[in-house]
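**Q** Predicted model follows, preceded by the sequence.
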Number of protein chains: 2
Amino acid sequence: MAPRAASKTAESSDKVGVICRALRRAIIEQALEPGAKLPEDSLGERFGVSRTIARHALGQLAAEGLVELRRNRIAVVATPSWQEARDAFDIRIELERLVVRQLAGKLTKAQVAALNAHVDAEDAARGGADAVSIRLATEFHILLASMTNSPILVRYVSEVAYRCCLTLSLYSRPHSSECGVTEHRAIIAALVKGDEPRVMSLMQRHLDSVATRALVAPAPQRGRDLLDILAPYAEEDGAERVVKMAKVVRAR
Amino acid sequence: MAPRAASKTAESSDKVGVICRALRRAIIEQALEPGAKLPEDSLGERFGVSRTIARHALGQLAAEGLVELRRNRIAVVATPSWQEARDAFDIRIELERLVVRQLAGKLTKAQVAALNAHVDAEDAARGGADAVSIRLATEFHILLASMTNSPILVRYVSEVAYRCCLTLSLYSRPHSSECGVTEHRAIIAALVKGDEPRVMSLMQRHLDSVATRALVAPAPQRGRDLLDILAPYAEEDGAERVVKMAKVVRAR
DNA sequence: CCCGCCTCAATTGCATGCACTTTGTCGCGC
DNA sequence: GCGCGACAAAGTGCATGCAATTGAGGCGGG
């Protein structure tokens, strides 16, 4: 039902892919909040596979930045810093501008129909659970990307969109995520008209507004961020001092 | 020695990371050509680990698009299509424009020194092996990205740069890869001057020239591409016919 | 009462073993 | 001579087992 493009990277193997998709969805629907623990055994038991598979799935998700893998410690859902959230949105804006640039005026009727159907679904889900509407909004962007028919672009847009979704659950106020179905419709319209500059500008402003609406102030040290704050000081990398210095400075 | 930013995603665990880095490097230096087989046992034996670890490493590399994982078949170094190569470069241009935009006028002296040192190394390696100079050219861009101090951006730039590197070994003529050390120097200069529009334009043209110089015509069916050509026709996905149709059309 | 140490359960890191799938090859029948 | 089917070798898919590391709670000392 969900027009999810089966990314044929690695996880299509079978069970690993199932677990990945399930966890991704649980994360972006905020059923799993950032910081939630993900022990290998529990996952394995829950999905009826061995730890080996669960572990592999966690590896994939870690590569996507959705979970954090610490050596000899339980894996947890990633807790991106506020700065990382901003960075993710910056990248997302560029990538999605590229998407709409490639798509402007080139959509088939069937594709336009699919997009409209999706936005209708978004509208329909407006009254329902918050989590679902967030997921649908994200999937709209992924659907758009999949129409470029560039597997690489699809992959990156998906990844970064998921990451942004994750940050929303960290830094946005509860009900501020009216991800603008109206704006989605406007984008579709501009795409159909083939107005390339306009659709790029629309997309940029759309994402920018989501980011600024969602990413409220740097969150005055909520919870156990102490560890995170101290992290850059405890680096023992030994290579490239330049970058480290810059990191410390930037972290304020 | 190599100023490689230790991406703390997943593979930093230990052995998996070692294998990943080794394979990445072997791939971008073209010691492993696209299509080369990567059996789990051989890798495990070569690196002194079990198949489990080798398998995990292959999984990570597959997630990066460097190797291709086919169910029940030996993993191989990825063989991107010509179109995918173009797409990768398109994405890369956007990402690296973002890099230099963030960096313009904000480099510390130490960072400038590091960049200059790297370009010097590129110059020095000019007479040596082709593979090394290609790797150094790629690493220049990664070094640049690492200075943004945005882990996400570093990751994406690295990945896509590696992918581009991979395509070069497929579609470029042997000695056309003078990746323009001069252009690297020009970019550094513009960065120092803080001329944002100019450095963005420089970067765009630099990458564009690499792409067009390297990605010569769609390669008149070299080798066993038959399979790849037939692939889209043999799809049995069953979901989302729209995209599939577009794919067939686009594949010409 | 608080702090440090020590032991133990929980959990990961990794290797090995077995079943299944694919592939290359040999032999048989036409 | 040629296609075709069975067999063997190679390789992956996955589970399980064991060692190592970590985190927590209890215990004793200050």
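**A** Everything's here; your move.
**Q** for the strand or helix carrying A:R101, packing partners?
**A** Here A:R101, judged by DSSP states H and E, is contained in helix A:82-103. Judged by 3 or more CB pairs under 8 Å, 6 or more residues apart in numbering or on different chains; DSSP states H and E, helix A:82-103 is in contact with helix A:130-146, helix A:151-171, helix A:181-193, helix A:196-214, helix B:82-103, helix B:151-171. For every residue, glycine as well, the C-beta is placed using N, CA and C.
**Q** got a markdown table for those, with distance to DNA strand D and mean neighbour count too?
**A** Formatted as a markdown table, the helices and strands packed on helix A:82-103 follow (distance: least, CB to the nearest atom of the strand, whole Å; neighbours: other CB atoms under 10 Å in any protein chain shown):
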| stretch | distance to DNA strand D | mean neighbour count |
| --- | --- | --- |
| helix A:130-146 | 25 | 21 |
| helix A:151-171 | 20 | 22 |
| helix A:181-193 | 37 | 19 |
| helix A:196-214 | 31 | 18 |
| helix B:82-103 | 23 | 21 |
| helix B:151-171 | 20 | 22 |
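**Q** Rebuild those helices as JSON lines, extending it with distance to B:L191 and mean pLDDT.
**A** As requested, the helices and strands packed on helix A:82-103 are exported to JSON lines (distance: least, CB to CB, whole Å; pLDDT from 0 to 100):
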{"stretch": "helix A:130-146", "distance to B:L191": "31", "mean pLDDT": "91"}
{"stretch": "helix A:151-171", "distance to B:L191": "25", "mean pLDDT": "92"}
{"stretch": "helix A:181-193", "distance to B:L191": "34", "mean pLDDT": "95"}
{"stretch": "helix A:196-214", "distance to B:L191": "24", "mean pLDDT": "91"}
{"stretch": "helix B:82-103", "distance to B:L191": "6", "mean pLDDT": "96"}
{"stretch": "helix B:151-171", "distance to B:L191": "15", "mean pLDDT": "92"}
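**Q** right, is the helix or strand just after the helix holding A:R101 up against chain B?
**A** Next along the chain after helix A:82-103, taking DSSP H and E as the criterion, comes helix A:109-124. Yes - contact between helix A:109-124 and chain B, assessed by CB under 8 Å from any CB of the partner chain, occurs at A:110-111, A:114.
**Q** One more: stretch A:136-146?
**A** Yes - interface with chain B: stretch A:136-146 contributes A:S146 (CB under 8 Å from any CB).
**Q** Derive a PyMOL selection command for the buried subset of the residues of helix A:109-124 next to chain B.
**A** Buried residues within the residues of helix A:109-124 next to chain B, as defined by 16 or more other CB atoms under 10 Å in any protein chain shown, are selected in PyMOL through the command that follows:
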select buried, chain A and resi 111+114
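**Q** ok, so of the residues of helix A:109-124 next to chain B, who is nearest DNA strand D?
**A** Taking CB to the nearest atom of the strand as the measure, DNA strand D sits nearest to A:A114 out of the residues of helix A:109-124 next to chain B, at 31.5 Å.
**Q** how much space between the closest one and A:L168?
**A** Distance, A:A114 to A:L168, using CB to CB, to the nearest Å: 25 Å.
**Q** ok, back up a step: which one of the helices and strands packed on helix A:82-103 lies nearest to B:R185?
**A** Nearest to B:R185 among the helices and strands packed on helix A:82-103 is helix B:82-103 (13.9 Å), distances taken as CB to CB.
**Q** ok and that closest one relative to helix B:196-214, angle-wise?
**A** Here helix B:82-103 points in a direction 160 degrees away from that of helix B:196-214 (axes from the mean of the first three to the mean of the last three CA atoms, to 10 degrees).
**Q** relative to helix A:151-171, how tilted is helix B:82-103?
**A** 40 degrees.
**Q** Restricting to C-alpha, output helix B:82-103 in CSV.
**A** Listed next in CSV are the C-alpha coordinates belonging to helix B:82-103 (Å, rounded to 0.1, in the frame of the first residue of the first chain):
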residue,chain,number,x,y,z
TRP,B,82,26.5,5.6,-16.5
GLN,B,83,23.3,7.4,-15.4
GLU,B,84,24.0,6.7,-11.8
ALA,B,85,27.4,8.2,-12.2
ARG,B,86,25.9,11.4,-13.6
ASP,B,87,23.4,11.4,-10.7
ALA,B,88,26.2,11.0,-8.2
PHE,B,89,28.1,13.9,-9.6
ASP,B,90,24.9,16.1,-9.6
ILE,B,91,24.4,15.4,-6.0
ARG,B,92,28.1,15.9,-5.2
ILE,B,93,28.0,19.3,-6.8
GLU,B,94,25.2,20.4,-4.6
LEU,B,95,26.8,19.0,-1.5
GLU,B,96,30.2,20.5,-2.1
ARG,B,97,28.7,23.9,-3.0
LEU,B,98,27.1,23.7,0.5
VAL,B,99,30.5,22.9,1.9
VAL,B,100,32.3,25.8,0.5
ARG,B,101,29.4,28.1,1.2
GLN,B,102,29.7,27.3,4.9
LEU,B,103,33.5,27.6,4.8
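**Q** Now do that helix: distance to the chain's middle.
**A** Relative to its chain's centre, helix B:82-103 lies at 11 Å (CA atoms, centre = their mean, to the nearest Å).
**Q** and what of stretch A:29-47?
**A** Distance of stretch A:29-47 from its chain centroid, counting by CA atoms, centre = their mean, is 18 Å.
**Q** does any bit of it sit next to chain B?
**A** No - using CB under 8 Å from any CB, stretch A:29-47 stays clear of chain B, with a minimum separation of 12.9 Å.
**Q** buried residues in that stretch?
**A** So for stretch A:29-47, counting by 16+ other CB under 10 Å, buried means A:29-30, A:32, A:34, A:36, A:38, A:40, A:43-44, A:47.
**Q** And stretch A:108-117, by the same measure?
**A** Here stretch A:108-117 shows A:111-112, A:114-115 as buried, counting by 16+ other CB under 10 Å.
**Q** And the residues you listed, which two are furthest apart?
**A** Going by CB to CB, the pair spanning the buried residues of stretch A:108-117 furthest: A:V112 and A:A114, at 7.3 Å.
**Q** How is the residue of the stretch 51-200 of chain A found nearest chain B classified with respect to secondary structure?
**A** Residue nearest to chain B within the stretch 51-200 of chain A: A:A62 (3.6 Å; CB to the nearest CB). Recorded secondary structure, A:A62: helix (DSSP: H, G, I helix; E, B strand; the rest coil).
**Q** That one against A:R71, yeah?
**A** No - proximity of A:A62 to A:R71 does not meet the contact threshold set by CB atoms under 8 Å, at 11.8 Å.
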